[in-house]
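Engineer: got a structure for you, letters missing:
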């Protein structure tokens, strides 16, 4: 059986992104901001470069995300105490609240995404999606 995997992956990603953006417009955070808030919930005070690596973003993308998230009042950016050339990211109280709300939304979204599929099917999909990260490394990873 032939599947148009690239097409299906792209269309699914665009639809999921649009669906998420419409909910973010109603006072929530974007998917990218939620990812940053989730990361900082476990690593509050992380270097921007650490957050970028965890979120699979380049420096310009991370800088823009930090700018937007800081402007929304969800994080604070502070110079590192030992190296003032680098920044650390800290959750604000509003960021902690938004993180909790985003966790609930993510739980609901994951339930919607997995509805009608067995755990074994979801395990295969998750394994396949995870494999994309190693099969197609970033150009910076030395395998362009």
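Structural biologist: Noted; the coordinates are in hand. Every value quoted in this text rests on a predicted model; they were computed, and no experiment measured them.
Engineer: top helix in the protein by residue count?
Structural biologist: helix 93-114 (DSSP state H).
Engineer: now the element after that helix, going C-ward?
Structural biologist: Toward the C-terminal end, the helix or strand that comes next after helix 93-114 (DSSP states H and E) is helix 119-135.
Engineer: what's that following helix packed up against?
Structural biologist: Judged by 3 or more Cβ pairs under 8 Å, 6 or more residues apart in numbering; DSSP states H and E, helix 119-135 is in contact with no other helix or strand. Any C-beta I mention is one placed from the backbone N, CA and C, and that applies to glycine too.
Engineer: go through that helix and flag the buried ones.
Structural biologist: By 16 or more other Cβ atoms under 10 Å, helix 119-135 has no buried positions at all.
Engineer: can you state the direction angle for it and helix 93-114?
Structural biologist: Between helix 119-135 and helix 93-114, the angle comes out at 120 degrees (axes from the mean of the first three to the mean of the last three Cα atoms, to 10 degrees).
Engineer: distance check, residue 134 against residue 123.
Structural biologist: 17 Å (Cβ to Cβ, to the nearest Å).
Engineer: likewise residue 101?
Structural biologist: 28 Å.
Engineer: helix, strand, or coil at the one residue sitting closest to the centre of the chain?
Structural biologist: The chain has residue 35 as the residue nearest its centroid, 3.2 Å off, counting by Cα atoms, centre = their mean. Using DSSP: H, G, I helix; E, B strand; the rest coil, the structure places residue 35 in helix.
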